[in-house]
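sharing a model that was predicted from the sequence below.
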Amino acid sequence: MEIELAKSYGFCFGVKRAIKIAEEHPGASTLGPLIHNNMEIARLKKDFNVSLANSLEEVKEGQATVIRTHGIPKNDLKKLKEKGGEVIDATCPFVTKPQQIVEEMSEEGYDIVIFGDVNHPEIKGVMSYATGPVHAVLSVEELSRLHLRERVAVVAQTTRKIEEYNKIVNYLVPRHKEVRVFNTICNATFENQDAARELARRADVMVVIGGKQSSNTKQLYTICKQYCPDTYHIESKEELEPAWFAGKKLCGITAGASTPEWIIEEIIGKIREFKV
Ligand code: F3S
């Protein structure tokens, strides 16, 4: 059986960068899990003594703390600094950008519309940079209920689809005197999805590797399953079953944006051991 990796898979630029930053600060703690992958978090703990603080309250006085890729609200950053430890910012630059835009546009008097989930940490962080009216919406319907002033600036959550963002923008433009549109969408997730789809079309069996909680891994699984019914979502090599590969010619592999290379290699090694 041949094993083929998707053309694009695994860690995005922001996650690679955050992990490198954490490795460079042994003994630090991260505010919230750095990535949705328990094994990688355990590795950071074992090899670099990087621990996990689930909330601001759990951060000890004087403790060096890494901010994860999603960023944190401005006020939380202030509180974190007050704890007296070093604050190491691993916010993805693609998230810092909308934070800066929101701050600037808000100061210039624009009403801010964010196309994104108000409960997502990234959006909580981005919203906190507004100094005036700010709204997070997920649909045109929600948007239509808002009373916005004449000047509006709009940004999107990094993981949103451009087609959906366009609907928001198209609704705003004819209704307001001035609309400033910023494309803050990050393509990393979509590159992995396109590559997974392309491979799943050809493969007889697909293995999707990633945390069971990771939403982008679950999305990859759904896409692959559509094209390749024998698709399996696993987190570690222990979950593999030889029967999945019996009689198959091409095994496709992809991995979510929080899956480290060493886990992918371990899983490929184990599949090879099955000698199917
Ligand atoms: Fe950054 Fe995009 Fe990854 S926003 S954290 S590079 S998915």
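It's in. Numbers count the residues shown, from 1 in each chain.

mind listing what the residue of the stretch 101-250 of the chain found nearest the ligand touches?
Nearest residue of the stretch 101-250 of the chain to the ligand (C-beta to the nearest ligand atom) works out as residue 186 at 3.2 Å. In short, each C-beta sits where N, CA and C put it, glycine included. Neighbouring residues of residue 186 by C-beta atoms under 8 Å, 6 or more residues apart in numbering: 12, 14, 92, 94, 158-159.

right, and residue 95 touches residue 122 too?
Yes: counting by C-beta atoms under 8 Å, residue 95 touches residue 122, with 5.7 Å between them.

who touches both of these two?
70-71, 158.

need those residues in TSV with pLDDT, can you?
Compiled in TSV, the shared contacts of residue 95 and residue 122 are given as follows (pLDDT from 0 to 100):
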residue	pLDDT
70	92
71	95
158	93
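
check those against the ligand, which are close?
With C-beta under 6 Å from any ligand atom as the criterion, the shared contacts of residue 95 and residue 122 include residue 158 near the ligand.

quick one: which of the contacts of residue 186 is most hemmed in?
residue 158 (25 neighbours; other C-beta atoms under 10 Å).

not counting sequence-adjacent ones, nearest residue to that residue?
Nearest residue to residue 158, sequence neighbours excluded (C-beta to C-beta, 6 or more residues apart in numbering): residue 186, at 4.0 Å.

for that neighbour, pull up the helix or strand it's in.
Residue 186 is located outside every helix and strand, with elements delineated by DSSP states H and E.

what does it show for phi and psi?
phi -100, psi 130 (degrees, to the nearest 10).

any idea which of the contacts of residue 186 is closest to residue 245?
Lowest distance from residue 245 to those (C-beta to C-beta) belongs to residue 12, with 28.6 Å.

thought the closest one was touching residue 187?
No: between residue 12 and residue 187 there is no contact under C-beta under 8 Å: 9.3 Å.

need the residues of the stretch 1-150 of the chain near the ligand, please.
Residues of the stretch 1-150 of the chain lying close to the ligand by C-beta under 6 Å from any ligand atom are 12-15, 69, 92, 94-95.

got those residues as JSON lines, with secondary structure and distance to residue 169 columns?
Listed next are these as JSON lines, based on DSSP: H, G, I helix; E, B strand; the rest coil; distance: C-beta to C-beta, whole Å:
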{"residue": "12", "secondary structure": "coil", "distance to residue 169": "25"}
{"residue": "13", "secondary structure": "helix", "distance to residue 169": "26"}
{"residue": "14", "secondary structure": "helix", "distance to residue 169": "24"}
{"residue": "15", "secondary structure": "helix", "distance to residue 169": "28"}
{"residue": "69", "secondary structure": "coil", "distance to residue 169": "25"}
{"residue": "92", "secondary structure": "coil", "distance to residue 169": "23"}
{"residue": "94", "secondary structure": "helix", "distance to residue 169": "19"}
{"residue": "95", "secondary structure": "helix", "distance to residue 169": "20"}
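
out of these, who's nearest residue 28?
Residue 28 lies nearest to residue 69 out of these, by C-beta to C-beta, at 15.3 Å.

need the pLDDT of the closest residue to residue 274 other than its chain neighbours.
Of all residues not flanking residue 274 in the chain, residue 242 sits nearest, at 4.6 Å (C-beta to C-beta, 6+ apart). With respect to pLDDT, residue 242 scores 96.

distance-wise, check residue 242 relative to residue 79.
52 Å (C-beta to C-beta, to the nearest Å).

now do the contacts for residue 234.
Residues near residue 234 by C-beta under 8 Å, 6+ apart: 207-209, 240, 267.
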